[in-house]
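In: sequence first, then the predicted structure, then my questions.
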Amino acid sequence: MSRRILQLSALIANQIAAGEVIERPASVVKELLENALDAKASQITIDIGYGGLNQIRISDNGLGIVAEDLPLAMAAHATSKITHLNDLYAVTSMGFRGEALASIASIARVTISSRPASQQHGMQLDNRDQFTHLTPCARSQGTTVDVRDIFYNAPVRKKFLKTEKGEYQLIDSLVRRFALSAPHIAINLQHNGKSQLQLPAAINEQSRLQRINRIMGKQFLEHALELDAEQAGYRLQGWICGADYQRSQSDKLLMYINGRMVKDKLLQHAVRQAYEDLLPPGRYPVGLLYLTVNPEEVDVNVHPTKHEVRFQQARLVHDFISSQLRKLLTTGKSPDHYIPQQRDIPLMLCENYLSPKSKEAVEKPQHIHFNAHNWYRVSDRFVLIKMAATSYLVDIKGLQQASLLDKLQLTDLPLASRPLLVPIFIQPPSLTTLALQQLRHLGITLDFMADKCLIRTLPILVANLDITGFLQTFAEGGDLSIEAAFELLASHQRADGENLDEEQQLDLYQYFKQNRLHLSGLSKELNEATWVDLLNAK
């Protein structure tokens, strides 16, 4: 017998809708931040408990909600931002569907307290187990939304969430992206009662640049080219970096349309096309771009989370962005952006270091150019790196060890390991029970036999580990702390500067560029006066 068609209850319908809008705690934060922005808030406080799994509390000093409208705030498709169908064709607010709070309330316990300027006191609405209670409360102007126990009534969906740390990192990243779309709002982010991010309102250009520097990193504005282009009613503003500052992932390419955070495929393709001759496969540009268009020419109602949009003139928008970025990247600089002049270094001066193919080539008056992707081996131990107008002689082994040590310290224990197809036989080292446990934390598994020891696994991060030398030193050192064990692992990585592929060279170059002030022991700054001494010192 076929099943009959039944109308879903309001609760189930709202929970299904919540699956489109509320994927995880970060989705709740996004919706509530956009509501605060629409309410013209100038200050937002975000309190996160246990990565957002226990609590998300967002307070603002915006316009507030009148008492009579509070029950409607959590009703499905109730909104103050859309009245007629035609309003959808010129949306200027961040939220407008009227489904965010209803979706949140269907999968969490929600409390809203609010007071507009016209009321003497605030009102609080409790929504627990689908029952609402409205009571007076004391508060200043604005709104607070307190969300607790997300997915308490949908345990299947809760299983797909990350750990506390993973969920909080997504929230932190989202708040930082939001802060770049609303520089005029002061933001305070707390996690488990501890302040994590405090951003004062950016009231002028200097304070806005300070906020960008704080969020994008101190290297960003140093390498960025400023962009401000306008054509056919479209305006593209922001900053982009050239090929000398790139990443292995696209997390630092942020784009906004009319102040809205987006991850639109059309815009991403336009940016990739502008960089296609500059970046190798697997590398991504760094940039912060703001596109301003007539609201009537863009439809933000094509995706529940509003990350993707639809343009009336998609090809025109794509070509405008791609052409403007390519023009800026090829012409080199904005009027106020300084690019150091490249200096030539005589090839004959470096003949012992650059190992030319023949003596005849050295005797010709040739010169070489260094750039961000070039480094030259000068001996088994050193490479020469040129950045801007400064050259550095870098201890490649020390650089690799420092980079590896930073990676190890950012990795959760136990370290990921790889099994050995053919186990390594060594003489059994003298190790305590605590030391053996420490080795397992490091991804190293040992099997002891009568008179031999088998090494079964090694840590994946340490690709060229001198395991015999490491175990000998580890055994002699007694029970080491995990920090000391990390340093020992890094020091027993075999340096292999000659066989690094282009990707590995570029990663090490970026690491050196970002940390060179802290790696003075690994490098020697060169100038023209030290070249002769360097040649004689070999």
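Out: Looks like it arrived, so ask away.

In: hey, let's count contacts and neighbours off CA atoms from now on
Out: Fine.

In: so what are the domain limits for the protein?
Out: 10-203, 217-331, 340-538 (automatic domain parsing).

In: distance check, the closest residue in space to Gln427 that isn't next to it in sequence against Phe474.
Out: Once flanking residues are discounted, Gln427 sits nearest to Lys452: 5.2 Å by C-alpha to C-alpha, 6 or more residues apart in numbering. Distance from Lys452 to Phe474, counting by C-alpha to C-alpha, to the nearest Å: 18 Å.

In: give me the more crowded residue out of those two.
Out: Phe474 (21 against 12; other C-alpha atoms under 10 Å).

In: wait, what's in contact with the more buried one?
Out: By C-alpha atoms under 8 Å, 6 or more residues apart in numbering, the residues touching Phe474 are Leu480, Ala485, Leu488.

In: secondary structure element for it?
Out: helix 467-476 (DSSP states H and E).

In: do Arg315 as well
Out: helix 314-331.

In: and what of Ala402?
Out: helix 396-409.

In: which sections of this structure are below the confidence cut-off?
Out: For the chain, residues meeting the criterion pLDDT under 70 lie at 1-21, 76-98, 129-131, 301-307, 332-382, 386-392, 478-479, 495-504, 513-538.

In: tell me the centre residue of it?
Out: The chain has Asp251 as the residue nearest its centroid, 4.4 Å off, counting by C-alpha atoms, centre = their mean.

In: SS state for Val462?
Out: Taking DSSP: H, G, I helix; E, B strand; the rest coil as the rule, one finds Val462 in the coil state.

In: let's number from 320 now, not from 1
Out: Sounds good: first residue 320 from here, last item Val781.

In: let me see the contact set for it.
Out: Leu723, Leu808, Ala809, Gln812.

In: you'd agree the third one is up against Leu718?
Out: No. The criterion here is C-alpha atoms under 8 Å, and Ala809 misses it with Leu718 at 10.4 Å.

In: these two: who's more crowded?
Out: Ala809 (26 against 23).

In: let me know the helix or strand that the more buried one is in.
Out: helix 801-810.

In: that older thread, from the contacts of Phe793, which is closest to His510?
Out: Of all the contacts of Phe793, Ala804 has the smallest distance to His510: 30.4 Å, by C-alpha to C-alpha.

In: distance between the helix holding Ala809 and the chain's centre?
Out: Remark: helix 801-810 is offset 27 Å from the chain centroid, using C-alpha atoms, centre = their mean, to the nearest Å.

In: excluding residues flanking it in the chain, which one is nearest Leu724?
Out: Leu724's closest residue in space is Ala809 (C-alpha to C-alpha, 6+ apart), at 5.7 Å.

In: what does Arg566 show for phi and psi?
Out: The phi/psi pair for Arg566 (degrees, to the nearest 10) reads phi -140, psi 160.

In: got the angle for the one helix or strand Leu585 maps to vs helix 633-650?
Out: Applying DSSP H and E as the criterion places Leu585 in helix 584-594. With axes from the mean of the first three to the mean of the last three C-alpha atoms, to 10 degrees applied, the angle from helix 584-594 to helix 633-650 works out at 30 degrees.

In: okay, helix 584-594 in PDB with CA atoms only?
Out: The C-alpha coordinates for helix 584-594 follow below in PDB (Å, rounded to 0.1, in the frame of the first residue of the first chain):
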ATOM      1  CA  LYS A 584      32.400  30.900  -8.000                       C
ATOM      2  CA  LEU A 585      32.200  33.600 -10.700                       C
ATOM      3  CA  LEU A 586      34.300  36.000  -8.700                       C
ATOM      4  CA  GLN A 587      36.800  33.200  -7.800                       C
ATOM      5  CA  HIS A 588      37.200  32.200 -11.400                       C
ATOM      6  CA  ALA A 589      37.800  35.800 -12.400                       C
ATOM      7  CA  VAL A 590      40.600  36.200  -9.900                       C
ATOM      8  CA  ARG A 591      42.100  32.800 -10.900                       C
ATOM      9  CA  GLN A 592      42.100  33.900 -14.600                       C
ATOM     10  CA  ALA A 593      43.900  37.100 -13.700                       C
ATOM     11  CA  TYR A 594      46.700  35.100 -11.900                       C
END
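
In: who are the neighbours in contact with Tyr594?
Out: Tyr594 touches Pro604, Arg645, counting by C-alpha under 8 Å, 6+ apart.

In: quick check: end-to-end length of stretch 764-782?
Out: 16 Å.

In: run the chain-centre distance for that stretch.
Out: With C-alpha atoms, centre = their mean, you get 36 Å for stretch 764-782.

In: next, Asp547: phi, psi?
Out: Torsion angles, degrees, to the nearest 10, at Asp547: phi -150, psi 100.

In: sorry, back to before: tabulate the domains of the chain (a markdown table), appending distance to Arg530.
Out: Shown next, in a markdown table, are these (distance: least, C-alpha to C-alpha, whole Å):
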| stretch | distance to Arg530 |
| --- | --- |
| domain 329-522 | 7 |
| domain 536-650 | 10 |
| domain 659-857 | 19 |
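
In: follow-up on the earlier one: let's have the contacts of Phe793 in CSV, adding distance to Val702.
Out: Shown next, in CSV, are these (distance: C-alpha to C-alpha, whole Å):
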residue, distance to Val702
Leu799, 33
Ala804, 28
Leu807, 24
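
In: ok, those residues vs Thr364, which is closest?
Out: Ala804 (40.4 Å).

In: residues near the closest one, how many?
Out: So Ala804, with other C-alpha under 10 Å, has 19 neighbours.

In: find the nearest non-adjacent residue to it, please.
Out: Phe793 (7.7 Å).

In: gap between the one you found and Ile786?
Out: 10 Å.

In: so who does the residue nearest to Leu724 touch?
Out: Gln720, Ala721, Leu723, Leu724, Val781.

In: looking at the residues you listed, which two lie furthest apart in space?
Out: Farthest pair in those, by C-alpha to C-alpha: Ala721 and Val781, 12.2 Å.

In: in the helix holding Phe793, what's buried?
Out: Ile786, Thr787, Phe789, Leu790, Phe793, Ala794 (16 or more other C-alpha atoms under 10 Å).

In: how near is Glu806 to Ala358?
Out: Distance from Glu806 to Ala358, by C-alpha to C-alpha: 51 Å.

In: whoops, I mixed them up, Tyr594
Out: From Tyr594 to Ala358 the distance is 38 Å (C-alpha to C-alpha).

In: ok, now Gly371?
Out: Distance from Gly371 to Ala358, by C-alpha to C-alpha: 23 Å.

In: of these two, who's got more company?
Out: Gly371 (26 against 18).

In: can you tell me the closest non-neighbouring residue to the more buried one?
Out: Pro344 (5.3 Å).

In: would you agree Leu712 is in contact with Leu718?
Out: No. Counting by C-alpha under 8 Å, Leu712 stays clear of Leu718, with 11.1 Å between them.

In: where along the stretch 670-819 of the chain do the helices fall?
Out: 670-673, 678-682, 715-728, 752-760, 786-795, 801-810 (DSSP state H, counting those that start in this stretch).

In: could the ones you listed go into CSV alongside distance to Asp618?
Out: Formatted as CSV, those follow (distance: least, C-alpha to C-alpha, whole Å):
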stretch, distance to Asp618
helix 670-673, 57
helix 678-682, 62
helix 715-728, 43
helix 752-760, 51
helix 786-795, 59
helix 801-810, 52
